[in-house]
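> need a structure here:
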Amino acid sequence: MILVLIITLYPFLYVLSMSLSDQGSVLRQEVWLLPKGFNLKSYKKVFSDSSIWVAYGNTLYYTIVGTIVNVIFTCMTAYPLSRRRFWGRNFISLLIVFTTLFSGGMIPNFLLIKNLGLYNTRWAMILPNAISVFNMILARTFFMGIPESLMESASIDGAGEGTILWKIVVPLSKPIVAVLTLFYAVGHWNSYFNALLYVPDIKLQPLQMYLVKLLVLAQDQLAEGDGDLLQLAMEAMQTKYATIIVVILPILCIYPFLQKYFAQGVMIGAIKE
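Numbers count the residues shown, from 1 in each chain. Model (predicted):
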């Protein structure tokens, strides 16, 4: 476990050290683990760029709105499929799982997004991935563990299926809701491929697209030559490392608060009574 911890932490520590080290040490490639010197110019350059704040706002919007849509749609799909008296639930579940084995492909998906009027809109980042089959199966498995008699009692008292879902099932399913929130939020925060395909407008692109462009820019500058160009390339590289820290830090701060629910979610379906 110590070895795994070292392997996991080293890339993060290396990137952090490169972003904080003196540019001369970065240029001479003297940084291996701890920072050499201290320099915040790369962070000042990152935060002085107005485009990163636009990308940050877009990522926050996609993460918050997209996660809300994901959790709602997933719960609304998983709940009826968890009810044993729901006719045809096995066949519908089979159709849903079938989509994980076969898909239409990139070009048909692009044409579908364009024909639906979602191309170059914020919804192109949210609706195509509104439900994850894997997360839906997790939620359905958890809902099946709630006693059927509890929902039958609520039904006898006059509660409809919607009331049972949102006032009984969901409040009793905080662990799986937290797991879904974590999975979907991390997915939205790291998503860039949909933006690459469906969102050409730079004002709508997320933070990950900004990072991808920065990585490509740094690699192009490194390949150009030596002297001053190399110095500029190293500055761009250090800015790249600072941007990586800025991008991943928020999600790293959120994860510890949901870790206990994540551990419970991993065990869903692993133990049978």
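> C-alpha only now, for contacts and for neighbours.
OK.
> may I have stretch 42-57 as CSV, with CA atoms only?
The C-alpha coordinates for stretch 42-57 follow below in CSV (Å, rounded to 0.1, in the frame of the first residue of the first chain):
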residue,chain,number,x,y,z
SER,A,42,3.3,30.9,-13.5
TYR,A,43,0.3,31.2,-11.2
LYS,A,44,0.1,34.9,-11.7
LYS,A,45,0.2,34.3,-15.5
VAL,A,46,-2.6,31.7,-15.2
PHE,A,47,-4.9,33.9,-13.1
SER,A,48,-4.2,37.0,-15.2
ASP,A,49,-5.6,35.2,-18.3
SER,A,50,-9.3,36.1,-18.6
SER,A,51,-10.1,33.1,-20.8
ILE,A,52,-9.3,30.7,-17.9
TRP,A,53,-12.1,32.3,-15.8
VAL,A,54,-14.5,31.9,-18.7
ALA,A,55,-13.5,28.3,-18.9
TYR,A,56,-13.8,27.9,-15.1
GLY,A,57,-17.3,29.3,-15.2
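> give me the distance from that stretch to the chain's centre.
Distance, stretch centre to chain centre, for stretch 42-57: 20 Å (C-alpha atoms, centre = their mean, to the nearest Å).
> contacts for it?
By C-alpha atoms under 8 Å, 6 or more residues apart in numbering, the list of residues contacting stretch 42-57 from outside reads 19-20, 203-207, 210, 235, 238-239, 242-243.
> try 6 Å
206-207, 239, 242 (C-alpha atoms under 6 Å, 6 or more residues apart in numbering).
> for these, pick the one with the most neighbours.
Most neighbours among these, by other C-alpha atoms under 10 Å: Pro206, with 31 neighbours.
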